[in-house]
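Participant: dropping the sequence and predicted coords here.
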Amino acid sequence: MIKSDWTYHLTRLLGGVLVALLIGWWSGQLLVMMGIFLLAYLAWQLYNSLRLYRWLQSWKLDPPESFGMWAEIFDRIATLQKQNIKRNLQYQEVIDDFEGMTDAFPDATLVIDSHDLIRWFNDPAMRLLGLKTPIDQGQAVTNLIREPAFADWLAIHDELQSNLEISCPTDDNISLQINAVRFRKNQRLLILRNITDIRNLDRIRHDLVANVSHELRTPLTVLLGYLEVLKTEAGTPDPEVIERMFKQARQMHALLEDLLELSRLQQTDKQNGAVEVDVPTMLTQLAEQAKELSQDNHEINFKIEPGLNISGVQLDLKSAFQNLILNAVNYTPTQGKINVTWQETTAGPTLSVKDNGVGIPHRDIPRITERFYRVGDDRNRKTGGTGLGLAIVKHVLHSHDAKLEIRSEYGEGSEFRCIFPPKRKPQKLI
């Protein structure tokens, strides 16, 4: 090591100075000899410095041959050079392995910085998005994926932490799901997955449900009509059997209607047909339906804030509100109490449907909005529930940027709250 041998090199230098002094004193030319010694020492340093400079310009050359301190400097730099080359090779192997693994991924992967500039992308990104290397490196990702929703989503992703679905920039028939993961400092990893097959299967499933429901609705309506006639016709052999058949057919008809309604909601763009909805008038109409269904067996109270309208799809909102209110009537025992409130809260316009009915066990609340999920088979057989009502409610609220809160105690009752964001309130002109 140079530091450990510093005393040795200094001793040699002092020895050279002493020899020059002795020769100068012996020859009577002390200053001349010292000058010659200093010039020779300076020339030696400059010569080795020049050799070091030339060597550093091209690492392919072997280290210069020298002696003394310069020999150790050259040897030490050569050792560091070999270590650096070895380390770089190791790093390159890691990079090659990483790129090989990411290229093997079926999903397109991009790395963007804090300014949304592309720093790296894998081969699937080149094929799926039409990116080219190195031309597109350093380009803004929003210039290459020109979907307006993508730029908005990217700007607020840290707050939402949600996925985005868009069409592929190079092929409109391909659907992409985008997710972003933050890593390192101010960098994000974008993962774009081809979900075309999943969407096609969903579409086939929706079409199948819709088509089957349509085909079954007509003969079932005819069957209900004949059963209705048999119920009222005198001399029916077994009225009790006819009544049971009528109830089962009516429940199947309700199931088909809910299936068709859910299929319609899933195929409707949430932004399509949005208008200012007169919610107070809608709830007034639903109040009449609830009282008619109750047949004075419940205490039903509606508290509606006048003039509180929201922007949305009227048919969809009516379907959601109707499901909640009629469910409360169906699942509340006789002489029960039902309170429906529509008012402005700190969170936004809110619909509350509260009853003191049978309630929902805590373990079932997270799954209550799933399709066909039922809380107790006996309870649903008595009420004729289809298991789709709350799924419809959840879908409508999601399409209106709203959320559903469920509070319930088994045996004590339930409260369903539909909370709409303040932005859903129509802007008043001044």
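Facilitator: Received, thanks.
Participant: where does the stretch 201-350 of the chain have low pLDDT?
Facilitator: Where the stretch 201-350 of the chain drops to pLDDT under 70, the residues are 234-237, 262, 264-273.
Participant: quick one: the strands in this structure?
Facilitator: 108-112, 118-121, 164-168, 171-183, 187-194, 275-277, 299-304, 310-312, 337-345, 348-355, 403-409, 413-419 (DSSP state E).
Participant: could the ones you listed go into JSON lines alongside distance to residue 394 and mean neighbour count?
Facilitator: C-beta: built from backbone N, CA, C; applies to glycine. Formatted as JSON lines, these follow (distance: least, CB to CB, whole Å; neighbours: other CB atoms under 10 Å):
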{"stretch": "strand 108-112", "distance to residue 394": "31", "mean neighbour count": "21"}
{"stretch": "strand 118-121", "distance to residue 394": "37", "mean neighbour count": "19"}
{"stretch": "strand 164-168", "distance to residue 394": "18", "mean neighbour count": "16"}
{"stretch": "strand 171-183", "distance to residue 394": "20", "mean neighbour count": "14"}
{"stretch": "strand 187-194", "distance to residue 394": "24", "mean neighbour count": "18"}
{"stretch": "strand 275-277", "distance to residue 394": "19", "mean neighbour count": "15"}
{"stretch": "strand 299-304", "distance to residue 394": "23", "mean neighbour count": "16"}
{"stretch": "strand 310-312", "distance to residue 394": "15", "mean neighbour count": "21"}
{"stretch": "strand 337-345", "distance to residue 394": "19", "mean neighbour count": "17"}
{"stretch": "strand 348-355", "distance to residue 394": "14", "mean neighbour count": "21"}
{"stretch": "strand 403-409", "distance to residue 394": "6", "mean neighbour count": "16"}
{"stretch": "strand 413-419", "distance to residue 394": "10", "mean neighbour count": "20"}
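Participant: residue 36: which of these is closest?
Facilitator: Residue 36 lies closest, by CB to CB, to one member of the strands of the chain: strand 118-121, at 59.7 Å.
Participant: what about that closest one, distance to the chain center?
Facilitator: Using CA atoms, centre = their mean, to the nearest Å, the mean C-alpha position of strand 118-121 is found 20 Å from that of the whole chain.
Participant: which helices and strands sit right next to that strand?
Facilitator: strand 108-112 (3 or more CB pairs under 8 Å, 6 or more residues apart in numbering; DSSP states H and E).
Participant: how does it look with 10 Å?
Facilitator: Judged by 3 or more CB pairs under 10 Å, 6 or more residues apart in numbering; DSSP states H and E, the packing partners of strand 118-121 are helix 69-104, strand 108-112, helix 123-129, helix 141-144, strand 187-194.
Participant: rebuild those as a markdown table, extending it with mean pLDDT and distance to residue 328.
Facilitator: Formatted as a markdown table, the helices and strands packed on strand 118-121 follow (pLDDT from 0 to 100; distance: least, CB to CB, whole Å):
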| stretch | mean pLDDT | distance to residue 328 |
| --- | --- | --- |
| helix 69-104 | 78 | 53 |
| strand 108-112 | 86 | 48 |
| helix 123-129 | 84 | 49 |
| helix 141-144 | 86 | 47 |
| strand 187-194 | 87 | 41 |
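Participant: and residue 207, how far is that from residue 319?
Facilitator: According to CB to CB, to the nearest Å, residue 207 and residue 319 sit 21 Å apart.
Participant: neighbour count winner among those two?
Facilitator: Applying other CB atoms under 10 Å to residue 207 and residue 319 shows that residue 319 carries more neighbours, namely 20 against 12.
Participant: so which bits of stretch 14-25 are buried?
Facilitator: Buried positions in stretch 14-25, judged by neighbour count with 16 or more other CB atoms under 10 Å: 20, 23, 24.
Participant: nearest to residue 356, of these?
Facilitator: Of all the buried residues of stretch 14-25, residue 20 has the smallest distance to residue 356: 111.0 Å, by CB to CB.
Participant: state the number of residues packed around the residue nearest to the closest one when sequence neighbours are not counted.
Facilitator: Excluding its sequence neighbours, the residue lying closest to residue 20 (CB to CB, 6 or more residues apart in numbering) is residue 37, at 3.9 Å. Residue 37: 17 surrounding residues under other CB under 10 Å.
Participant: isn't residue 37 right up against residue 22?
Facilitator: No - using CB atoms under 10 Å, residue 37 is not in contact with residue 22, being 11.3 Å away.
Participant: right, so the helices and strands packed on strand 118-121: which one is the most enclosed?
Facilitator: strand 108-112 (a mean of 21; mean count of other CB atoms under 10 Å).
Participant: which residue is the nearest non-sequential neighbour of residue 417?
Facilitator: residue 405 (4.3 Å).
Participant: residue contacts, that neighbour?
Facilitator: Contact analysis of residue 405 by CB atoms under 10 Å, 6 or more residues apart in numbering lists 347, 350, 352, 415, 416, 417, 418, 419.
Participant: let's go with 8 Å and repeat that
Facilitator: For residue 405, the contacting residues are 416, 417, 419, by CB atoms under 8 Å, 6 or more residues apart in numbering.
Participant: need the per-residue pLDDT for it.
Facilitator: In this model, residue 405 is scored at 89, pLDDT.
Participant: just the one 10 residues further on next, same as before
Facilitator: Confidence per residue is given as pLDDT, and for residue 415 that number is 90.
Participant: beta partners of the nearest residue to it once chain neighbours are set aside?
Facilitator: Counting by CB to CB, 6+ apart, residue 415 lies nearest to residue 354, which is 4.1 Å off, once chain neighbours are set aside. Residue 354 has these beta-bridge partners by DSSP bridges: residue 339, residue 415.
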